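Q: below are the sequence and a predicted model; questions follow.
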Amino acid sequence: MAGCLLLTACLTGLIGGTTQAATYSCSWGMPSRTFSMRYANTISDTWKGYVTTSRSRWNSSGAGSVISISSVAGQPLTIKRYPSSTTWWGLTTAVMANGKLVGVTVEINTERIANYAPAGKVGVYGMSTMVHEFGHTMKLKHNTVNSVMNVNRDREVTNSPTSYDVANVKACY
Ligand SMILES: [Zn+2]
């Protein structure tokens with residue numbers, strides 16, 4: 001089914017070829033850079049703060065994004081401990097209806113982040129994950145350059161959109 005194909009593309013990120021510096025590629029994502037997220041489960045104030053900072057990093061980056069939080073409507077954002085066997089840090093999944101993308105869901109796995117982040121670094125690792133997933137919501141794919149979309153990035157260092165990421169979003173809209 002279409003949703004699974006899109007999910008697979010999200011996880012592997014390299015379907016269709018490789019990515020080179022100064023070239024931009026776009027995947028599926030929200031039809032607009034202006035959209036709301038809503039908390040789909042109970043989330044601590046600490047993690048809400050990471051969300052606020054991650055949104056601000058995109059919204060002030062020059063990429064043209066306006067990501068807001070709404071308590072009543074918007075794209076579901078789930079932040080929780082998934083089972084320890086869960087291998088992903090974050091997951092953005094397309095929501096399809098009649099063959100068209102009508103929204104996204106974003107999930108953040110605090111278990112995985114807590115297991116890998118050095119002491120005192122859960123926040124920056126969490127924000128690196130969230131900024132990455134928000135990149136997916138705005139059509140960004142994985143790449144191998146200096147980018148928050150590089151799956152091999154140092155999450156302690158790269159937790160904001162880079163100039164490449166900003167240019168890539170602008171190229172997609
Ligand atoms: Zn990803």
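A: Great, that's in hand. Numbering: from 1, shown residues only.
Q: the strands in this structure, which residues?
A: 34-39, 66-69, 75-80, 90-97, 100-109 (DSSP state E).
Q: of those, which approaches residue 126 most closely?
A: With C-beta to C-beta as the criterion, residue 126 lies closest to strand 100-109 of these, at 7.0 Å. Backbone N, C-alpha and C define where each C-beta goes, glycine included.
Q: now that closest one: average pLDDT?
A: Strand 100-109 shows a mean pLDDT of 96.
Q: over to stretch 118-131?
A: 97.
Q: now it: buried residues?
A: Within stretch 118-131, the residues scored as buried using 16 or more other C-beta atoms under 10 Å are 122, 123, 124, 125, 126, 127, 128, 129, 130, 131.
Q: residue 55: which of the strands of the chain is closest?
A: Per C-beta to C-beta, nearest to residue 55 of the strands of the chain: strand 66-69, 4.6 Å.
Q: thought residue 172 was touching residue 136?
A: No. Residue 172 lies out of contact with residue 136 (C-beta atoms under 8 Å); the separation is 11.4 Å.
Q: of the buried residues of stretch 118-131, which pair is most distant in space?
A: Across the buried residues of stretch 118-131, the longest distance by C-beta to C-beta is 14.8 Å; it joins 122 and 131.
Q: what's around residue 88, how many residues?
A: For residue 88, the tally of surrounding residues (other C-beta atoms under 10 Å) stands at 13.
Q: nearest residue to it in space, please, no chain neighbours.
A: Closest residue to residue 88 apart from its sequence neighbours, by C-beta to C-beta, 6 or more residues apart in numbering: residue 109 at 6.1 Å.
Q: what does residue 164 give?
A: With sequence-adjacent residues excluded and distances taken as C-beta to C-beta, 6+ apart, residue 164 is closest to residue 147, at 5.0 Å.
Q: returning to what we had before: may I see the strands of the chain organised as a markdown table, with distance to residue 56 added?
A: Formatted as a markdown table, these follow (distance: least, C-beta to C-beta, whole Å):
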| stretch | distance to residue 56 |
| --- | --- |
| strand 34-39 | 13 |
| strand 66-69 | 9 |
| strand 75-80 | 15 |
| strand 90-97 | 18 |
| strand 100-109 | 16 |
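Q: would a markdown table of these with distance to residue 160 and mean neighbour count be doable?
A: Output for these, formatted as a markdown table (distance: least, C-beta to C-beta, whole Å; neighbours: other C-beta atoms under 10 Å):
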| stretch | distance to residue 160 | mean neighbour count |
| --- | --- | --- |
| strand 34-39 | 18 | 16 |
| strand 66-69 | 14 | 15 |
| strand 75-80 | 19 | 19 |
| strand 90-97 | 16 | 18 |
| strand 100-109 | 17 | 18 |
